[in-house]
Structures are given as C-alpha cells and as structure tokens.
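**Q** could you work out the structure for the sequence below:
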Amino acid sequence: MSAANALFDMNAAPMRIGTVRLKVRDLDTVAAFYRKVLGLEATESGAARTLLGTGRTPLLELQSETALVPRDPRQAGLFHTAFLMPSRADLCRWVAHVVEAGVPLQGASDHIVSEALYLADPEGNGIEVYADRPFASWATPTGEVRLSTDPLDVRDLLASAAGTAWTGFPERGCIGHVHLQVGETEAADRFYRDILGFDIATRYTGASFYGSGGYHHQLAGNVWNSRHAGKRPAGMAGLDAVGIVVRDGANLDAIAARAETAGLPVTQNPDGLTFRDPWGTKIRLNR
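**A** Presented below is the predicted three-dimensional model:
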C-alpha cells in the first residue's frame with residue numbers, strides 16, 4: 001500500500017482503546033446480539049459475565065446485574081462504542097450482512113476521515129461500525145483534522161466487496177474509538193486532554209474529539225443529549241468502564257502524576273491504574 005493510501009496504524013498510537021465494559025440487565029439477549037450482528041466471539045462466558053472479542057483479543061465485556069435500572073439517554077455515559085473494520089471491503093461485507101438479516105440501522109454518514117453506520121444494542125447502547133479512509137487524507141494544511149457529517153454513499157460502499165461473504169468480525173478489527181456523553185466539554189477537556197494527555201484533534205459545536213498519535217479520535221465527548229448532566233446514578237445500566245492501552249510506561253507514570261496533582265483518586269493495578277472521569281465512568285489504563 002502506498003503512503004498516500006496507508007491507513008492509520010492504531011497499534012503505533014501512544015494510547016488506544018482496549019476493552020469496553022457495559023453493565024446490562026439481560027446478559028443472554030445482549031451477548032447474543034453482539035455475536036449475531038457484529039460477529040464477535042465469546043472468549044469467556046459465565047452466569048454474570050461474558051467477554052466478547054475476536055480470536056484471543058477481548059473487545060467488549062458485559063456484566064449482568066438484573067437489579068439495574070434502564071439507561072437514561074439524557075445522562076452522561078455512552079454515546080457509542082465504535083468498532084473499526086480493517087478495510088472498506090470488510091465494512092461492505094458487514095453492511096450486506098445486516099441488510100440481509102434485517103437489522104435496523106439508525107444512520108449512515110461520510111465523515112471525511114471515515115465511512116460509518118450506526119445502530120444500538122437491545123438495551124439502547126449506541127454502536128458505530130466504520131472503516132477509516134487513508135491517513136494522508138485527514139489533515140488540513142494547518143494540521144487540523146477535517147471532520148464532517150455528510151450522507152454516506154451506501155451503493156458505492158456495497159460495490160467495494162461485491163460477491164464476497166461476511167464471516168464474522170475480522171481478526172484485525174478493534175474498537176477504534178469510544179464516544180461519550182458528558183455534562184460539559186470544558187470539564188471533559190480538562191480530564192481527557194490535560195490529565196490523560198490526548199490531543200484535541202477537532203471540535204464540533206458541543207463536542208470535543210480527542211486523538212493520540214495523530215488519529216482523528218480514540219475518544220470524544222459531547223453534550224448533545226446530556227448538557228449539564230452530573231455523575232451518572234449508581235445502579236444504572238450502560239457504560240461502566242473504558243480500557244485504554246498505553247504503549248509507554250513513562251507516559252503512564254506521567255498521567256499518574258498529573259492525576260495526583262489534580263487531586264484525582266487513583267487505584268494502582270499490577271498492570272496500570274484506574275480512576276474515574278467527572279461523570280463516574282471508570283478509566284482503566286493498562287500497559
């Protein structure tokens with residue numbers, strides 16, 4: 001692949017998304033959805049917990065708590081978990097699969113940086129499935145990421161891998177980003193930029209997009225449904241934790257130092273550290 005057509009190397013980014021954990025009320029129904037619709041495999045499964053991914057790579061952890069109240073779409077928490085396909089052809093095969101299966105989609109967009117489709121799981125947790133465009137096409141002459149929301153040419157997309165079959169979530173696929181609902185973008189910037197060390201790749205009205213290593217965003221936060229929301233109530237279904245893989249131990253130490261300076265409670269783990277964002281979501285940083 002030429003440099004002009006090269007895709008972003010997520011494994012080379014200083015920080016990338018690892019595993020996302022959701023609390024769910026009906027574990028069997030939600031797990032079956034991610035297996036059937038996204039093609040994820042159950043790498044671990046029990047009465048109260050299912051780990052889904054591809055091969056030996058865990059991507060999504062579902063924890064069952066039957067006493068949970070349903071998620072409130074006006075609260076801070078998850079906007080969507082975004083599953084990144086390794087190629088446009090992989091995205092095409094997935095679209096053909098969900099169309100044939102009659103899975104309802106909520107939207108489809110051309111974001112300049114990517115082509116994306118949107119849906120939700122049975123408990124209302126948002127999902128994006130997308131494929132990136134070549135890395136060289138993202139930046140403006142000043143280095144800012146160009147991001148837009150335009151109609152997706154689905155017919156052209158479906159032509160990119162016509163005649164080939166969907167066989168499950170690709171082994172090289174990953175969670176490319178997690179988009180959050182936050183109470184205010186300024187507080188989100190102070191946490192995700194100033195403490196975690198992400199760059200602000202671009203902004204929308206009411207949203208900030210946080211990138212690492214030049215990516216258009218591994219995280220984002222918006223107030224479109226959740227403006228002025230406080231900490232999410234305990235006992236509510238939905239997002240519980242976002243795992244972030246940190247490549248450099250020195251970077252992890254620097255994050256810990258910034259968190260301590262900010263007075264943020266930090267839990268040290270054998271392979272990293274855990275703390276909470278201003279709205280109660282656990283952020284698990286792992287080496």
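**Q** burial check on Ala6, number of neighbours?
**A** Residues near Ala6, counting by other Cβ atoms under 10 Å, number 11. Quick note: C-beta positions are derived from backbone N, CA and C, even for glycine.
**Q** no no, Glu61
**A** If you count neighbours by other Cβ under 10 Å, Glu61 ends up with 20.
**Q** for the record, mean pLDDT for stretch 151-158?
**A** Averaged across stretch 151-158, the pLDDT comes to 93.
**Q** in it, what's buried?
**A** Judged by neighbour count using 16 or more other Cβ atoms under 10 Å, the buried positions of stretch 151-158 are 152, 154, 157.
**Q** what do you get for stretch 241-255?
**A** Neighbour-count burial for stretch 241-255 [16+ other Cβ under 10 Å]: 241-246, 251-252, 255.
**Q** quick one: which two of those residues are the most distant?
**A** The span of the buried residues of stretch 241-255, defined through Cβ to Cβ, is set by Ala241 and Asn251 at 19.9 Å.
**Q** tell me where the chain is predicted with low confidence.
**A** Counting by pLDDT under 70, the chain shows low-confidence ranges at 1-3, 143.
**Q** what ranges do the helices span in it?
**A** Using DSSP state H, the helices found in the chain span residues 27-38, 88-101, 154-158, 185-188, 249-261.
**Q** could you dump those to JSON lines with distance to Ala237?
**A** Below are the helices of the chain laid out as JSON lines (distance: least, Cβ to Cβ, whole Å):
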{"stretch": "helix 27-38", "distance to Ala237": "10"}
{"stretch": "helix 88-101", "distance to Ala237": "24"}
{"stretch": "helix 154-158", "distance to Ala237": "31"}
{"stretch": "helix 185-188", "distance to Ala237": "22"}
{"stretch": "helix 249-261", "distance to Ala237": "28"}
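**Q** so which of these comes closest to Thr205?
**A** helix 185-188 (9.6 Å).
**Q** who's in contact with the closest one?
**A** Under the contact criterion Cβ atoms under 8 Å, 6 or more residues apart in numbering, helix 185-188 has outside partners 180, 182, 203, 206-208, 221-223, 277-278.
**Q** taking those residues one by one, which sit in strands?
**A** Taking DSSP state E, the ones among the contacts of helix 185-188 that sit in strands are 180, 203, 207-208, 221-222.
**Q** got the phi/psi numbers for the residue of the chain positioned farthest from its centre?
**A** Here the chain reaches farthest from its C-alpha mean at Gly163, the gap being 29.5 Å by Cα atoms, centre = their mean. For Gly163, the backbone dihedrals (degrees, to the nearest 10) come out as phi 90, psi 0.
**Q** for Asp9, what are phi and psi?
**A** Per-residue torsions, Asp9: phi -90, psi 100 (degrees, to the nearest 10).
**Q** what about it, distance to Ile175?
**A** 16 Å (Cβ to Cβ, to the nearest Å).
**Q** with Thr50 instead?
**A** Taking Cβ to Cβ, one finds Thr50 at 16 Å from Ile175.
**Q** just to revisit the earlier point, which one of the ones in strands among the contacts of helix 185-188 is nearest Ala136?
**A** Comparing the ones in strands among the contacts of helix 185-188 against Ala136 with Cβ to Cβ places Arg203 closest, at 22.2 Å.
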